[in-house]
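1. From the sequence below, what's the structure:
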Amino acid sequence: MEIKILGPGCPKCKTLEKLTREVVEQNHIDATVSKVDDIVEIMNYGVMATPALVVNEKVIMKGRVPSAEELRKLLIS
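-> Numbers count the residues shown, from 1 in each chain. Okay, the predicted model is just below:
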């Protein structure tokens, strides 16, 4: 699984990145997590509100930081 956190580096973006890495590690999810902060690349996903979460090139959440439990469910389903 490839996970990307889209965001320019705001506090919410950093929080989502940290939370995602923790959830992946704690739940032994086989995934690569990367951070995308280039605004042109972010816009290529059609995202206008950050942070956004992209899993396998599909935007599954944008504009907010989910709870750890919600994030776990999104990544496991």
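2. Now the residue nearest the centre of the chain: closest residue in space, sequence neighbours ignored.
-> Taking C-alpha atoms, centre = their mean, the centroid of the chain lies closest to residue 53, which sits 3.0 Å from it. Once flanking residues are discounted, residue 53 sits nearest to residue 61: 4.4 Å by C-beta to C-beta, 6 or more residues apart in numbering. Quick note: C-beta positions are derived from backbone N, CA and C, even for glycine.
3. hang on, the earlier thing: mind telling me what element the residue nearest to the centre of the chain is part of?
-> Per DSSP states H and E: residue 53 is located in strand 52-55.
4. Would you mind checking the average pLDDT for that strand?
-> For strand 52-55, mean pLDDT is 97.
5. how about the helix or strand following that strand: buried residues?
-> Counting by DSSP H and E, the next helix or strand C-terminal to strand 52-55 is strand 58-62. Residues 61-62 are the ones in strand 58-62 that count as buried (16 or more other C-beta atoms under 10 Å).
6. one step back: okay, and the beta partners of the residue nearest to the centre of the chain?
-> Per DSSP bridges, the residues bridged to residue 53 are residue 5, residue 61.
7. So it is in contact with residue 74, correct?
-> Yes: using C-beta atoms under 8 Å, residue 53 is in contact with residue 74, at 7.2 Å.
8. Which neighbours do those two have in common?
-> Counting by C-beta atoms under 8 Å, 6 or more residues apart in numbering, the contacts common to residue 53 and residue 74 are 60-61, 66.
9. And those, which is closest to residue 22?
-> Nearest to residue 22 among the shared contacts of residue 53 and residue 74: residue 66, at 12.5 Å, using C-beta to C-beta.
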